[in-house]
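K.L.:
Turn this into a model:
(one chain, ligands or ions: 3)
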Amino acid sequence: MIDRFGRPIEDLRVTLTHVCNFSCFFCHMEGEDNSQSLLSPEEISLVAKVGIEYGIRSVKLTGGEPTLRRDLLRIIRELKDVGIKEVSMTTNGVLLSTLAWKLKEVGLDRVNVSLHSLDKQLFKEITGVDALDKVIEGIKEAIKAGLRPLKLNFVLTKKNISQLDNIINFAIETGVDELHLIELHPVGLGKNTFEYHEKLESIEKILKEKADKIEIRSKHYRPRYYLNNLVIEVVKPYANPIFCAGCNRIRLTADGKLKTCLYRQDKEIDIMDILRGDFSLEEKIELIREAYEIAIAIREPNFKYRVESYAPS
Ligand SMILES: Nc1nc2c(ncn2[C@@H]2O[C@H](COP(=O)(O)OP(=O)(O)OP(=O)(O)O)[C@@H](O)[C@H]2O)c(=O)[nH]1
Ligand code: SF4
Ligand code: SF4
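P.N.:
Numbers count the residues shown, from 1 in each chain. Ligands and ions are numbered 1, 2, ... in the order given. Reported below is the predicted structural model:
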């Protein structure tokens, strides 16, 4: 089912918790307010299952840090059981070395791991935690366990731009499948730290010259540059109407809202009362269907017009 702008919903992005064991200075917290409430594995899988009727094929688990959920394995298993084709997770990687094989066993297909620096001191400055070695261990274990394609997330800022070449070399040597170069955006803490914003254009120019092959992904029309068995994907979500035109996702917040856009708190539908209300399963399913239909009807690209200059000078 497509929205008024011709965009399908295919991917459900689920915030499992707002708690995190890192404190990155740019954390966007998925555009959500901090909350204590948590949806249960059954509630999450019910929303996903109804979503399949509207086109949902994949689920991305995120946070906060999703590995802090004690019932993470059950959540993944239930999502696979209700028929979600691909379940992936975005993580800071610090618990991956102990969890990778268990995650694979219950059906997790792949992971994205954040890695913003290979310099220990800078890693700590960015994330607030002295955990670089542990994260590297986690990345290696996840590759061994077959959580692939394994993607590294590198948020480019003025603080870590000097790390980029090291990260590319590390990715190639370690057998990482993709490196995502992500632009800092002014959401969550990023609002107050946007002074560290760095444009990606000059890096993209070099990638264009060096790449063996260039592809455009249907999700967000993201460009993908092939370089020595590594795919470098450029993720420019801010003030980019092309990115929004290719947006195929809808979100389920930690406190039970169907959220139509990272940036929009005015375009979400609270379904907690449906999930926790005194209804039969059939009634719940019907009400969740109605919520999806409203969400699709009100969904719109956040950026519709090109903003040429948005970075602070
Ligand atoms: N504005 C906006 N930014 C997004 C969206 N999806 C991803 N991003 C940005 O991309 C970053 C990395 O997202 P991930 O969860 O690692 O990856 P993904 O976008 O699901 O991509 P794949 O795993 O490759 O499918 C996020 O932290 C955001 O900064 C989106 O729909 N809107
Ligand atoms: S690891 Fe992710 S969720 Fe945790 S603070 Fe960093 S950006 Fe935020
Ligand atoms: S509409 Fe644009 S800003 Fe909103 S979630 Fe989709 S890609 Fe992100």
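K.L.:
what about the helix or strand harbouring Y292, average pLDDT?
P.N.:
Element membership for Y292 (DSSP states H and E) is helix 281-298. For helix 281-298, mean pLDDT is 98.
K.L.:
ok, which residues in the stretch 201-313 of the chain are in contact with ligand 1?
P.N.:
K219, V235, P237, C247, R249, L262 (C-beta under 6 Å from any ligand atom). (C-beta placed from N, C-alpha, C; glycine too.)
K.L.:
which of the residues you listed has the most neighbours?
P.N.:
Highest neighbour count within these, by other C-beta atoms under 10 Å: C247, with 25 neighbours.
K.L.:
Assumed it was part of a helix.
P.N.:
No. Counting by DSSP: H, G, I helix; E, B strand; the rest coil, C247 is not part of a helix but coil.
K.L.:
Okay, helices next: where are they in this protein?
P.N.:
Assigned by DSSP state H, the helices in the chain fall at 41-52, 72-81, 96-106, 120-127, 132-145, 164-174, 201-210, 241-245, 272-276, 281-298.
K.L.:
neighbouring contacts of the last one?
P.N.:
The set of residues that contact helix 281-298 without belonging to it, under C-beta atoms under 8 Å, 6 or more residues apart in numbering, is 1-4, 9, 46-47, 50-51, 53-54, 250, 258, 260, 267-269, 271, 274-275, 277, 279.
K.L.:
show me the contacts for the residue in the stretch 51-200 of the chain that ligand 2 sits nearest to.
P.N.:
Closest approach between the stretch 51-200 of the chain and ligand 2, counting by C-beta to the nearest ligand atom: N92, at 3.6 Å. Counting by C-beta under 8 Å, 6+ apart, N92 makes contact with C20, N21, F22, E65, V113, S114, T127, A131, V135.
K.L.:
now, which of the residues you listed lie close to ligand 2?
P.N.:
By C-beta under 6 Å from any ligand atom, the members of the contacts of N92 lying near ligand 2 are C20, F22, E65, S114.
K.L.:
near ligand 3, which residues of the stretch 101-250 of the chain show up?
P.N.:
With C-beta under 6 Å from any ligand atom as the criterion, the stretch 101-250 of the chain meets ligand 3 at residues H220, P237, F243, C244, C247.
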